[in-house]
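[1] give me the fold of what follows.
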Amino acid sequence: MSRILIPFDDSMRFGQGYNSFLHAPCIEDAVRFKDVYTRQEPTSSDGSISQNVDYSSRFVDKISDVAKRLNVSAGSSIKKGGIIGTGYSVELNETKFMASNVNAMVSVKVINQTTELLGTATFKPRDGHNLDSESFVEIYGDCFISGFVEGGELTGMVSAKVLNVENKSAVEKAIKSHISSCCTKSGRKMDVALDGNDSTSETESAMKQTDTAITVCWLGGRGINPDGRPWTLESLYATATAFPSKVAQYPKPTWAILTPYDQTKNFVTWAKNHGIQLARFETAQAYASDLLDMYMEYCGCTSQIRTILEDPGAYVARAVDNAVGTGMEELLRARKMLEAQRDAISKTIDKLAIHPEDIEEIKKQHPIEAPELWAARLPIRK
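    Reported below is the predicted structural model:
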């Protein structure tokens, strides 16, 4: 496994052990080192700060896609009940996201400088710990913090739900066409249309036919929206384009660098002598992303039942097998079964965090029913 970036937290320290699956801190001073090295991005010929900037604007269909772009742990998101960043508040309304017809994500990541351990770090086992592979990952994790990245990050989420079903296709097409004109492949600067042309006017008309939520959060840059004005598509893209120049003036610690223990010279020998197998989370991470999407869909089903319980008479059972009725007892029983599915997902994450190598057996122990099957059985409005 190569080095990975995770959101920065004030409690992080050089050499600290970390669980890369849950982004959870473990024992401090897991490795020892002498010095650190700070690498500044090269200065431009005009004397200004040169930066490594990654622009991204794309449509997203799954919550897990958002988590990946934010470098947020899918497993941790499940345990916390939503996507919650550490370095700054990630304001994502998962329920609105899943109910929307169009979801777009705008992201800008800026690197000003990187500070890393100088030379090779040395693993530092504690005396008195009688370790096996399970207790090792619980105490030490699978990685250690080997560096920090200073710069900034801005994330904007646009979620639009069409109000009139009859206009759904036309409205979706207009919004997607405008957003697509601004979308970039990762790393390329955004092209923002602010000239009031026909396309922009058409988009404004389309947006008025939707229930749209635009949420923006950022770390670094300072004074991004000092007046607290409501966000629009145009202001979001304009802010994203200008963000790197603001980060050049006001950078913040943004990410930590995690390095696997087996990248240290003495760990491989020590682990072999003590019968320790370092946890490998690559396969578990991919499965956790799927589980995150399922977990959020189950949350959506639970929210739907909560809404139905407020006015059961406004709903009718679907004409399908095993349909959930509108009676109070039946709805409460269904909600309890949905909660059981979420609990099974959470328990799966707990086990994967310790024994990722047992993923196939864990899947058998905690079979998860597809949430789409539940969604198709819930009552619909009359």
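[2] list the contacts of Pro226.
    Residues near Pro226 by CB atoms under 8 Å, 6 or more residues apart in numbering: none. From N, CA and C alone the C-beta is placed, and that goes for glycine too.
[3] hang on, it in a helix?
    No: assigned with DSSP: H, G, I helix; E, B strand; the rest coil, Pro226 falls outside any helix and is coil.
[4] pLDDT score for it?
    Looking at Pro226, its pLDDT stands at 81.
[5] how near is it to Thr239?
    Remark: distance between Pro226 and Thr239 (CB to CB, to the nearest Å) = 12 Å.
[6] same check, this time on Val31
    Val31 is 39 Å from Thr239, by CB to CB.
[7] and these two? Which one has more around it.
    Val31 (24 against 21; other CB atoms under 10 Å).
[8] how near is that one to Lys124?
    On the measure of CB to CB, Val31 and Lys124 end up 6 Å apart.
[9] again with Ala340
    Counting by CB to CB, the gap from Ala340 to Lys124 is 43 Å.
[10] beta partners of Gly141?
    With beta bridges defined as DSSP bridges, Gly141 has these partners: Tyr18.
[11] these two touch, right, it and Val31?
    No: between Gly141 and Val31 there is no contact under CB atoms under 8 Å: 11.5 Å.
[12] packing partners of the helix or strand hosting Lys364?
    Lys364 is part of helix 359-365, with elements assigned from DSSP states H and E. Counting contacts by 3 or more CB pairs under 8 Å, 6 or more residues apart in numbering; DSSP states H and E, helix 359-365 is packed against helix 282-310, helix 328-352.
[13] quick one: low-confidence parts of this structure?
    1, 40-49, 84-91, 118, 128, 180-202 (pLDDT under 70).
[14] domain parsing for it?
    Using automatic domain parsing, the domains assigned to the chain come out as 4-274, 282-381.
[15] helix, strand or coil: sort out Ser64 for me.
    Three-state call for Ser64 (three-state DSSP): helix.
[16] for stretch 274-294, which residues meet the burial criterion?
    Under the neighbour-count criterion of 16 or more other CB atoms under 10 Å, stretch 274-294 has 276, 278-279, 281, 284-285, 287-289, 291-294 buried.
[17] so Ile4 touches Ser20, yeah?
    Yes: counting by CB under 8 Å, Ser20 is a contact partner of Ile4 at 6.1 Å.
[18] tell me the strands beside the biggest strand by length in the chain, with direction?
    Counting by DSSP state E, the longest strand found in the chain is strand 143-162. Applying DSSP bridges, strand 143-162 is found paired with strand 17-19 (antiparallel), strand 102-118 (antiparallel), strand 210-219 (antiparallel), strand 252-260 (antiparallel).
[19] pick the most deeply packed of these.
    strand 17-19 (a mean of 24; mean count of other CB atoms under 10 Å).
[20] how about residues contacting it?
    6, 24-28, 30, 137, 139-145, 256, 258, 353.
[21] cool, stretch 301-316 as well?
    With CB under 8 Å, 6+ apart as the criterion, stretch 301-316 contacts 95, 326-328, 331-332, 334-335, 338-339, 342, 371, 374-375, 378-382.
[22] from those, list the buried ones, please.
    Buried, going by 16+ other CB under 10 Å: Thr95, Thr326, Leu331, Ala334, Arg335, Leu338, Arg342, Pro371, Trp374, Leu378, Pro379, out of the contacts of stretch 301-316.
[23] what about the first one, which helix or strand?
    Element membership of Thr95 [criterion: DSSP H and E] is helix 94-99.
[24] what lies in contact with that helix?
    Helix 94-99 is contacted by residues 63, 66, 82-83, 103, 157, 159, 161, 213, 296-297, 299-300, 303 when judged by CB under 8 Å, 6+ apart.
[25] what's the first-to-last distance across stretch 22-34?
    Taking CA to CA, to the nearest Å, stretch 22-34 runs 28 Å from one end to the other.
[26] can you give the distance from that stretch to the centre of its chain?
    Offset of stretch 22-34 from its chain centre (CA atoms, centre = their mean, to the nearest Å): 23 Å.
[27] stretch 17-26 too?
    Taking CA atoms, centre = their mean, one finds the center of stretch 17-26 at 16 Å from the center of the full chain.
[28] could we number from 2 for the rest of this?
    Yes, from this point I'll number from 2; that puts the last item at stretch 18-27.
[29] and that stretch, what's buried?
    Gly18, Tyr19, Asn20, Ser21, Phe22, Leu23, His24, Pro26, Cys27.
[30] taking strand 144-163 as reference, get the angle to the host helix or strand of Ala241.
    If you go by DSSP H and E, Ala241 is part of helix 234-250. Calculated by axes from the mean of the first three to the mean of the last three CA atoms, to 10 degrees, helix 234-250 forms an angle of 160 degrees with strand 144-163.
[31] could I get the buried residue list for helix 234-250?
    Buried residues in helix 234-250, counted by 16+ other CB under 10 Å: 234-238, 240-242, 244-245, 247-249.
[32] now stretch 337-355
    Buried, per 16+ other CB under 10 Å, within stretch 337-355: Leu339, Gln342, Arg343, Ala345, Ile346, Ser347, Thr349, Ile350, Lys352, Leu353, Ala354, Ile355.
[33] quick check: closest non-adjacent residue to the fourth one.
    Spelled out, it's Ala345. Of all residues not flanking Ala345 in the chain, His367 sits nearest, at 4.7 Å (CB to CB, 6 or more residues apart in numbering).
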